[in-house]
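Student: With the input below, show me the fold.
(one chain, ligands or ions: 1)
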Amino acid sequence: MTQPAPLQPSDADTRRNVPPVICYPNQTLPIPDLNLYARARDGAEKVAELRVAPRDAGCFRAPAGHFFRITSVEGPQVGDLNLWHADDLAERFYSGKTRALHGTHITRGQRMWSGFPYLRPMATITHDSLEWYGIDQYGGSVHDVIGTRCDPYTHNLLAGGQYHHCCHSNLTRALADETGLPLHEAERHVHDVLNVFMCTGFTRDTGQYFMKASPVRPGDCLEFFAEIDLLGALSACPGGDCSAQHSSDAAACHPLLVEVFAPAPGALDGWSSPAPSGYDRSHGRGA
Ligand SMILES: [Zn+2]
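Tutor: Numbers count the residues shown, from 1 in each chain. Below you'll find the predicted structure:
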């Protein structure tokens, strides 16, 4: 039996036609000095490299002022990125606030922000070879902060079974190996990701989260400037290019390359790592 259509008030269209207001006008956000970063990048030297195997994850460290680059190699592949403060796992990437500040997908000049009570830029995107993609006819775009990360719990809910190579599990194993934390403790630090190279959006008619084949090709890269000392973890999603499915071994999967670059001495003169939020945390009850 189909449900009857909901009753509409007589002024329904008038109410719908109210224009939207941007929740967080971002003209007052601190603007990163991309020219300074570009000059520093010119003289930077590669200091570390990590190759992330398909359906697995790996950790890397990028001290404040360094750059890290994620590159597609061998075939189209999306990556799920987590970031923490290198010395404090409590400070971690806040996908929801990043989305509220910048939009559903992020690109050059935009930043990955940490959660409360820190709320500061962790990393700034300095180069995006897929910047040309823009927003397609379906409302899709790349590098989203709207998805979460594929995980075995949702997979079990929707399809049953035990699948162990979702990004959530890959990130958990990588963080446990990097820190020495027991697996279940490491799992608590895994959080909603930046979906690197993933092409996603919301359907216009039902508002559902969708994915489509990523436009990424070998050689494409996304590069970041580390604003604070970072520990990163990157998973090469079992969905491959996410053209059909994830949370299984069905998709063609490829490795991802992470490279870290150190700036030349003096190249960042005048720059300083951002401080945590200036809010006093008294919450109306005295400092
Ligand atoms: Zn995934």
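
Student: Can you give the contact residues for stretch 204-217?
Tutor: 72, 76-78, 130, 133, 138-140, 142, 146-147, 197-203, 239, 241-243, 246 (C-beta atoms under 8 Å, 6 or more residues apart in numbering). Heads up, the C-betas are built off the backbone N, CA and C, glycines and all.

Student: Which of those fall in helices?
Tutor: Assigned to helices by DSSP state H, none of those qualify.

Student: What residues does the stretch 1-150 of the chain have near the ion?
Tutor: Cys150 (C-beta under 5 Å from the ion).

Student: in the stretch 1-150 of the chain, what spans have low per-residue confidence?
Tutor: 1 (pLDDT under 70).

Student: right, and Gln110 touches Pro121 too?
Tutor: No - checked against C-beta atoms under 8 Å, the pair Gln110 and Pro121 is beyond contact range at 9.5 Å.

Student: Identify each buried residue in stretch 65-81, please.
Tutor: 65-72, 76-81 (16 or more other C-beta atoms under 10 Å).

Student: What of stretch 273-282?
Tutor: Pro274.

Student: repeat for stretch 147-167
Tutor: Across stretch 147-167, burial judged by 16+ other C-beta under 10 Å covers 147-152, 155, 163, 165-167.

Student: before we move on, what about stretch 132-139?
Tutor: Buried residues in stretch 132-139 (16+ other C-beta under 10 Å): Tyr133.

Student: Can you give me the end-to-end span of it?
Tutor: End-to-end span of stretch 132-139 (C-alpha to C-alpha, to the nearest Å): 15 Å.

Student: Mind listing residues that contact that stretch?
Tutor: 141-142, 199, 201-204, 210, 212, 215.

Student: Mind telling me the two of those farthest from one another?
Tutor: Arg204 and Pro215 (20.2 Å; C-beta to C-beta).

Student: Settle it for me: which of those two has more neighbours?
Tutor: Comparing Arg204 with Pro215 by neighbour count (other C-beta atoms under 10 Å), the higher total belongs to Pro215, at 17 against 9.

Student: Is stretch 230-239 in proximity to the ion?
Tutor: Yes - applying C-beta under 5 Å from the ion, one finds stretch 230-239 in contact with the ion at Cys237.

Student: now that stretch, how far from the centre of its chain.
Tutor: 10 Å (C-alpha atoms, centre = their mean, to the nearest Å).

Student: Alpha carbons of that stretch, as PDB, please.
Tutor: Taking Å, rounded to 0.1, in the frame of the first residue of the first chain, the C-alpha atoms of stretch 230-239 are listed here in PDB:
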ATOM      1  CA  LEU A 230      50.900  15.500  11.700                       C
ATOM      2  CA  LEU A 231      50.500  11.700  11.900                       C
ATOM      3  CA  GLY A 232      48.500  10.600   8.800                       C
ATOM      4  CA  ALA A 233      47.000   7.300   7.800                       C
ATOM      5  CA  LEU A 234      45.900   6.600   4.200                       C
ATOM      6  CA  SER A 235      43.800   3.600   3.100                       C
ATOM      7  CA  ALA A 236      43.600   2.400  -0.500                       C
ATOM      8  CA  CYS A 237      39.800   1.800  -0.500                       C
ATOM      9  CA  PRO A 238      38.600  -1.700  -1.500                       C
ATOM     10  CA  GLY A 239      36.200   0.100  -3.800                       C
END
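
Student: What's the mean pLDDT across that stretch?
Tutor: On average, the pLDDT along stretch 230-239 is 96.

Student: and what of stretch 156-165?
Tutor: If you average the pLDDT values across stretch 156-165, you get 94.
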